[in-house]
Structure formats: structure tokens, C-alpha cells
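Undergrad: missing the sequence, but the structure's below:
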């Protein structure tokens, strides 16, 4: 297993395309000088559908290489993405555009996702008991994660379609960037979570000059997910 991983990370494949991310095995992954979770690997292989898994990896690469997110946040992004994957699988969604593209249908889907999270049952032990529901703050953070994901991917849809070799990302519209609104989590369950603002989203490429990829102002709650509770 270790030999296979070493061969994998010695290849010329971009670091973010691998299904196992490990700071110890791949020095190309962005990191801080003293990374508190440097020994933790992140595994993506069991997340389906493929378009969501690969899209999330592409998105996180943009955010990490531009300094918007750090390694410590990646683990919680993986958890939040897994819940979104369970939702789209349950709904039989097989396209990054999620719905017919109308603002009404996307808003309805976003609200349904909030309700889905409200009824989520924990399957693995943690600080909360197995079978317990998610806390309001956890639901809110999960919605924020998917919100920012779609905002960035909408801005970078051309680059995503090219980088992922999947033209379906071109179907994203401005409606996808605003399908989540403040209060989505409260629609699913009341919450008193304190919010702040996140200044920018990442450019689609650290060296990109495309006007579609420039950092845009985002008015949403903090993009750094809290630990599940």
C-alpha cells in the first residue's frame, strides 16, 4: 500500500487530482509552516457522484493555493461534501447544475438540502452519539460550505469545465451563485450561530488573468467550517 502511494505521489499528476491527500507524501499540497493536522490524510475515493468529488477537489485546490482555505479546514469540507453527496444521491441528481437552472427550482433544492441536514443521523462516533442529529451550527456551516463551493464554481465554470474535462460545469449560471440565502439554516431549524463575512473567493487560477476568475466580494458567513458537534 505504501509503495503504491509513493509511486502515485512521485507521478506528474497534479496533487489535487489524487483521491488521497497527504501532506507527508506530497510536498506540493499547500500548507503552513506549522500545520496542526499535518499527519491527517484526507480520502476522497468513496464520495459519489464523481462530478461532485472531482469538483470539490478542484475547488479546494483553488481556495488552498490562493490562501483562502488552509489544510486544517479540508477535513471538515470533506465531511460536509459527503453529506451533500448523500443528498444528491437520494434525489437522483446526476449533473453539476442540480436542477433545471431556474432560480426557483434551485432555491427549492437548497431549502430541501437544509431539511435533509436537519434529519441527518450520525453514523460514526464523535463528540455526539451515533444516531443523534446535527446541531444547528453544524447545519449552518454545512450550508455555507456548499454555498461558497457553488459561488466559486460559478465564477470559474469555464476553468472547471476545462480542468475537469467535464463540459457540464458550463451549465452553471448566476442563479447557482445565489441559491443559498441567509436564513436557509433557520428554515430547517432555529439557530443562534454568530456569523461574520468572508472577504473574497479564490481566483480560478493563481496565475489566471481571466475576468471571469477574479476574486469577487462574498456576503456570507465565515467559510471556515466549525467542527461537527
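TA: Thanks, I have it. What you see is a predicted model, and the numbers here were worked out from it, not measured in a lab.

Undergrad: what's the neighbour count on residue 160?
TA: 25 (other Cβ atoms under 10 Å). (C-beta placed from N, C-alpha, C; glycine too.)

Undergrad: could you look up the SS state of it?
TA: On the three-state scheme (DSSP: H, G, I helix; E, B strand; the rest coil), residue 160 is labelled helix.

Undergrad: need the pLDDT of it.
TA: Per-residue pLDDT puts residue 160 at 98.

Undergrad: contacting residues around the residue nearest to it when sequence neighbours are not counted?
TA: Once flanking residues are discounted, residue 160 sits nearest to residue 169: 4.2 Å by Cβ to Cβ, 6 or more residues apart in numbering. Taking Cβ atoms under 8 Å, 6 or more residues apart in numbering, we find residue 169 in contact with 55, 96, 153, 157, 160, 161.

Undergrad: any of those buried? List them.
TA: By neighbour count, with 16 or more other Cβ atoms under 10 Å, the contacts of residue 169 hold 55, 96, 153, 157, 160, 161 as buried.

Undergrad: turn the contacts of residue 169 into TSV, columns for distance to residue 37.
TA: Output for those, formatted as TSV (distance: Cβ to Cβ, whole Å):
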residue	distance to residue 37
55	23
96	29
153	25
157	31
160	27
161	32
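
Undergrad: which one of those sits closest to residue 12?
TA: Of all these, residue 12 sits closest to residue 160, with 21.3 Å by Cβ to Cβ.

Undergrad: that closest one and residue 55 touch, don't they?
TA: Yes: using Cβ atoms under 8 Å, residue 160 is in contact with residue 55, at 6.6 Å.

Undergrad: shared neighbours, these two?
TA: By Cβ under 8 Å, 6+ apart, residue 160 and residue 55 have these common neighbours: 153, 169.

Undergrad: shaky segments in this structure?
TA: Scanning the chain for pLDDT under 70 picks out 1-10, 123-131, 182-203, 205-229.

Undergrad: what are the boundaries of the strands in it?
TA: For the chain, the strands defined by DSSP state E occupy 20-21, 42-43.

Undergrad: what does the last one contact?
TA: So that's strand 42-43. Outside strand 42-43, the residues touching it (Cβ under 8 Å, 6+ apart) are 19, 20, 21, 22, 74, 75, 78.
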